[in-house]
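A.B. asks: Sequence and computational prediction follow.
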Amino acid sequence: MSEAVAARNEETTHGEAPDNVRPRPSAAEGAAESAAETLEDYTLRFAPRSYRRWTPAVVATTALGGIAYMADFSIGAGIGLAHGTGNALTAILVAAVVIFVTGFPLAYYGARYNIDLDLITRGAGFGYYGSVLTSVIFASFTFIFFALEGSIMAQGLRLGLGLPLWLGYLVATLLVIPLVIYGMKALSKLQVWTTPLWLLLMVGPLVYLVATDPGTVHRFVSYAGTDGHGGVNTASVLLGAGVCLSLIAQIGEQIDYLRFMPPKTAANKRAWWTAVIMAGPGWVVLGAVKQAIGLFLAVYILAKAGPAAATEPIQQFTGAFAAMLPSWLVVPLAVVLVVISQIKINVTNAYSGSLAWTNSVTRVTKRYPGRMVFVLANLAFALILMEADMFSFLNGILGFYSNCAIAWVVTVATDILVNKYLLKLSPKIPEFRRGMLHAVNPVGVVAFTAASGLSIAMYFHALGDTLQPYSPVAAAALAFVLTPLMAVVTKGRYYLRRSDDGIDEPLLDADGNPSATSYPCHVCHQDFERPDLAACPTHDAMVCSLCLSTDRSSEHLR
């Protein structure tokens, strides 16, 4: 059902009549509700079993389609041109390992309990309002990378169609709006249909160059970088890894798809785990490969294009296609690749960003303004960044942002792995409903704030030039240490405000999946599945999670 309608029904009926005699929506309102339902995609809440009709393979393909972005090619090229191939490949590997390890528990929780990363964060050390901070960080991730991908698309449109950059930025922004409106149903089709062509266009040039000109491999491996040293050193590796680790928040976008996984059963166990690992933390394998390809192509075209243009994916693939295709086909095919990639990722950026903004604003204001408001807001932020030419200072933005992203993801992953499973101080079943959680849990908030604050200070040389490259290490290490330390100090008191939600039906079924039993919400008069409800203290009835979030008087909270 539509959260917008749920919030509107609650606001228009609250206080006008006793709850047990509130009028049902009229036929017109019901029609509007049915139309609006396709726009919401279970924003802010548990994704019910009745909606999750996709197979694990379809969900995984859809999620992996969202990482078709071209930014990896620029990131890999930028690191390699600055520090050399050896340092770049080592940095990419280090970052990939960290992203995989921290992403695994988050992906599992999202797929197993059918909730997004914000809802996971609430119950993994941050509290109901505490996770607003991380929602804003994730929303920032989506519009930063939307702007990056939009910039790359604009470069392609300038080369292929002669559009000025400012107009290309606008086209790249407006193009995704019709595609992102309908959420998972439309996105799954888009990603599945376009993935084979995207893979062919991306891998084909690399295979051709390696097969026909083995010297390209030698030049790539021996490239020493602009400093001319070429040797692997710790500072260069960590600086490069810090840029790559800005992508650690990508797991949030993967979970926005993985929350629609079907229930895990004995019959689908192998397919379920394969999909979760591949589309969850496994995204980073393809991401790391793309970064290495970006560096390879940058070295290949460096002499002809120059260092500035060599980091632009459109130039990289134009140079590669020129070696294997007729001249009249080179630019059109490169533009097609860039446009497909940009659309595939930016519908995800716009979609996930709208969820994150909606989560934050609804909790703070207790009003649900509708997800499309924040689709447009997110796109506006991205367009401003593009017009400000963020591509020219890409590594600086990503290096700074990675400190916040690392601190957040490592804190949540540590809470799941250590506090829930080893120390058993954090409840294993994630909780996200208002009234069940404390407003702020110091475990995650303190760990995240301290880790991100110190690492940002290090990044801006506040602790000296020697320590500056180690800011990503500081963010990860502090978050990993402080999260269990705070749980021990607080004895886990701030995870749950209460342990009983007042409903006798078990939260999980016999297979450990969220229960599919549905009940009506007495505020909005719609049926919801068991995990999305809590008992109302003033009525012998239940209230859904969104009506709890928009309850300004708190009369429905226990």
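C.D. replies: Yep, it's here.
A.B. asks: drop to CA atoms for contacts and neighbour counts, all remaining ones
C.D. replies: Will do.
A.B. asks: Tell me the first helix or strand C-terminal of the helix or strand containing I92.
C.D. replies: Assigned by DSSP states H and E, I92 belongs to helix 85-113. Sequence-wise, the next helix or strand downstream of helix 85-113 (DSSP H and E) is helix 117-121.
A.B. asks: Please work out how many residues are found near A457.
C.D. replies: For A457, the neighbour count with other CA atoms under 10 Å is 16.
A.B. asks: quick one: buried residues of the helix or strand in which N403 is found?
C.D. replies: N403 belongs to helix 394-414 when elements are defined using DSSP H and E. Residues of helix 394-414 classed as buried by neighbour count (16 or more other CA atoms under 10 Å): 394-395, 398-414.
A.B. asks: on that earlier part again, please state the offset of the helix holding I92 from the chain centre?
C.D. replies: Relative to its parent chain, helix 85-113 has a centroid offset of 13 Å by CA atoms, centre = their mean, to the nearest Å.
A.B. asks: got the angle for that helix vs helix 394-414?
C.D. replies: If you take axes from the mean of the first three to the mean of the last three CA atoms, to 10 degrees, helix 85-113 sits at 40 degrees to helix 394-414.
A.B. asks: what's the helix holding N403 in contact with?
C.D. replies: 75, 78, 102-103, 105-106, 121, 124-125, 134, 137-138, 148, 239, 242-249, 444, 447-449, 451-452, 455-456, 459, 471-472, 475-476, 478-480, 483-484 (CA atoms under 8 Å, 6 or more residues apart in numbering).
A.B. asks: taking those residues one by one, which sit in helices?
C.D. replies: 75, 78, 102-103, 105-106, 121, 134, 137-138, 148, 239, 242-244, 444, 447-449, 451-452, 455-456, 459, 471-472, 475-476, 478-480, 483-484 (DSSP state H).
A.B. asks: Just the angle for the helix or strand harbouring Q254 relative to helix 85-113, thanks.
C.D. replies: Here Q254, judged by DSSP H and E, is contained in helix 250-258. Helix 250-258 and helix 85-113 are oriented at 30 degrees to each other (the same axes, to 10 degrees).
A.B. asks: Helix 250-258 packs against which elements?
C.D. replies: Helices and strands touching helix 250-258, by 3 or more CA pairs under 8 Å, 6 or more residues apart in numbering; DSSP states H and E, are helix 56-65, helix 85-113, helix 117-121, helix 269-279, helix 327-365.
A.B. asks: What would stretch 61-73 look like as CSV? C-alpha coordinates only.
C.D. replies: Output of stretch 61-73 as CSV, limited to C-alpha atoms (Å, rounded to 0.1, in the frame of the first residue of the first chain):
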residue,chain,number,x,y,z
THR,A,61,20.8,-9.5,-11.8
THR,A,62,18.8,-6.4,-11.1
ALA,A,63,21.1,-5.5,-8.2
LEU,A,64,24.3,-6.1,-10.2
GLY,A,65,22.9,-4.1,-13.1
GLY,A,66,23.0,-1.1,-10.8
ILE,A,67,26.8,-1.3,-10.6
ALA,A,68,27.3,-0.6,-14.3
TYR,A,69,28.6,2.8,-13.5
MET,A,70,31.6,4.3,-15.3
ALA,A,71,33.1,6.0,-12.3
ASP,A,72,35.2,2.9,-11.6
PHE,A,73,37.1,3.5,-14.8
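A.B. asks: got any ranges where the stretch 301-450 of the chain has weak pLDDT?
C.D. replies: Along the stretch 301-450 of the chain, the parts satisfying pLDDT under 70 run over 391, 394-395.
A.B. asks: Could you check the pLDDT of the residue nearest to L258 when sequence neighbours are not counted?
C.D. replies: Once flanking residues are discounted, L258 sits nearest to A111: 5.0 Å by CA to CA, 6 or more residues apart in numbering. On the pLDDT scale, A111 is placed at 95.
A.B. asks: R259 is in contact with A111, correct?
C.D. replies: Yes - using CA atoms under 8 Å, A111 is in contact with R259, at 4.7 Å.
A.B. asks: Which of these two has more residues huddled nearby?
C.D. replies: Between A111 and R259, A111 has the larger neighbour count (other CA under 10 Å), namely 27 against 24.
A.B. asks: tell me the contacts of that one?
C.D. replies: Residues near A111 by CA under 8 Å, 6+ apart: 255, 258-261, 276.
A.B. asks: Narrow the residues you listed to just the buried residues.
C.D. replies: Those of the contacts of A111 that meet the buried threshold are 255, 258-261, 276, by 16+ other CA under 10 Å.
A.B. asks: nearest to T311, of these?
C.D. replies: I255 (29.4 Å; CA to CA).
A.B. asks: list the contacts for L533?
C.D. replies: L533 makes contact with 521, 542-545, according to CA under 8 Å, 6+ apart.
A.B. asks: Next, the distance between the ends of stretch 119-133.
C.D. replies: 13 Å (CA to CA, to the nearest Å).
A.B. asks: Any buried residues in that stretch, and which?
C.D. replies: Applying 16+ other CA under 10 Å to stretch 119-133 flags 119-132 as buried.
A.B. asks: cool, and stretch 464-484?
C.D. replies: Within stretch 464-484, the residues that count as buried by 16+ other CA under 10 Å are 467-480, 482-484.
A.B. asks: Neighbours of the spatially closest residue to L159 that is not a sequence neighbour, how many?
C.D. replies: Take L159 and drop its neighbours on the chain: the residue closest to it by CA to CA, 6+ apart is V331, 7.5 Å away. Neighbourhood size, V331 [other CA under 10 Å]: 22.
A.B. asks: Surely V331 touches R158?
C.D. replies: No - using CA under 8 Å, V331 is not in contact with R158, being 10.8 Å away.
A.B. asks: Point out where the stretch 451-558 of the chain drops to low pLDDT.
C.D. replies: Ranges of the stretch 451-558 of the chain meeting pLDDT under 70: 558.
A.B. asks: circling back to that earlier point, for V347, state which of the contacts of A111 is nearest.
C.D. replies: Here the nearest of these to V347, counting by CA to CA, is I255; it sits at 14.9 Å.
A.B. asks: Quick check, that closest one in contact with D118.
C.D. replies: No - using CA under 8 Å, I255 is not in contact with D118, being 9.9 Å away.
A.B. asks: For S341, see how far away the residue nearest to L159 is.
C.D. replies: Taking CA to CA, one finds V331 at 15 Å from S341.
A.B. asks: Equivalent analysis for V171, please.
C.D. replies: Distance from V171 to S341, by CA to CA: 15 Å.
A.B. asks: Counting neighbours around each, name which of these two comes out higher.
C.D. replies: Between V171 and S341, counting by other CA under 10 Å, S341 is the more crowded of the two (26 against 16).
A.B. asks: check contacts around that one.
C.D. replies: Residues near S341 by CA under 8 Å, 6+ apart: 68-70, 198.
A.B. asks: just A71 next, same as before
C.D. replies: 145, 148-149, 152.
A.B. asks: Then G464?
C.D. replies: M458.
A.B. asks: So it, which state does it fall into?
C.D. replies: Following DSSP: H, G, I helix; E, B strand; the rest coil, G464 is assigned to coil.
A.B. asks: Please report phi then psi for P520.
C.D. replies: phi -80, psi 140 (degrees, to the nearest 10).
A.B. asks: And it, how far from L89?
C.D. replies: Distance from P520 to L89, by CA to CA: 54 Å.
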